[in-house]
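Enquirer: From the sequence below, what's the structure:
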Amino acid sequence: MAALGRRVLVLDLDPQANATSGLGLEKLEGGSAYRALLGEGALLEKVRTTAFEHLEVIPSEVDLCGADFELARGDNHLQRLVQAVQPVLESGRFEIVLVDCPPSLVFSP
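Expert: Sure thing, here's the model as predicted:
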């Protein structure tokens, strides 16, 4: 999609970080969506460029292992991802947002 000129964001939520490493990025401590999912900060601040034109990523890291546990204890835990992603969608910066989820996380906007 990016190769066709579409502005694409990959949101890597899987702690294994295969999408992150597959795009040539290293895990960066504090660089994942983890804190934004907890309501601490914005996802747009986590966006990193890749070597591919029109393709950016919010990388994963091992801290996302605790996301399921932490989110389940909070209010509106089933809506946290939707709430965190909404400003990204509203920014108009990306035409397509792909979410790489761990097997235990279900996302439905």
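Enquirer: Thought A51 was touching G24, still the case?
Expert: Yes. Using C-beta atoms under 8 Å, G24 is in contact with A51, at 5.5 Å. (Glycine included, C-beta is placed from N, CA and C.)
Enquirer: And the helices in the chain?
Expert: Using DSSP state H, the helices assigned to the chain run over residues 18-22, 34-37, 67-73, 80-91.
Enquirer: For the last one, report the contacting residues that lie outside it.
Expert: The list of residues contacting helix 80-91 from outside it, by C-beta atoms under 8 Å, 6 or more residues apart in numbering, reads 9, 11, 13, 33, 36-39, 42-44, 71, 74, 76, 94, 97, 99, 105, 107, 109.
Enquirer: What's the PyMOL line that selects buried ones from the residues you listed?
Expert: Buried subset of the contacts of helix 80-91, written as a PyMOL selection, criterion 16 or more other C-beta atoms under 10 Å:
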select buried, resi 9+11+13+33+36+37+43+71+94+97+99+105
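Enquirer: worst-scoring helix or strand of this protein, pLDDT-wise?
Expert: Across the helices and strands of the chain, mean pLDDT, DSSP states H and E gives its lowest value to helix 67-73, namely a mean of 68.
Enquirer: who touches V99 in this structure?
Expert: By C-beta under 8 Å, 6+ apart, the residues touching V99 are 11, 13, 81, 85, 107.
Enquirer: what's the spacing between the closest residue in space to V57 that isn't next to it in sequence and S91?
Expert: The shortest distance from V57 to any non-neighbouring residue, by C-beta to C-beta, 6 or more residues apart in numbering, is to V10 (4.5 Å). From V10 across to S91, the span is 16 Å (C-beta to C-beta, to the nearest Å).
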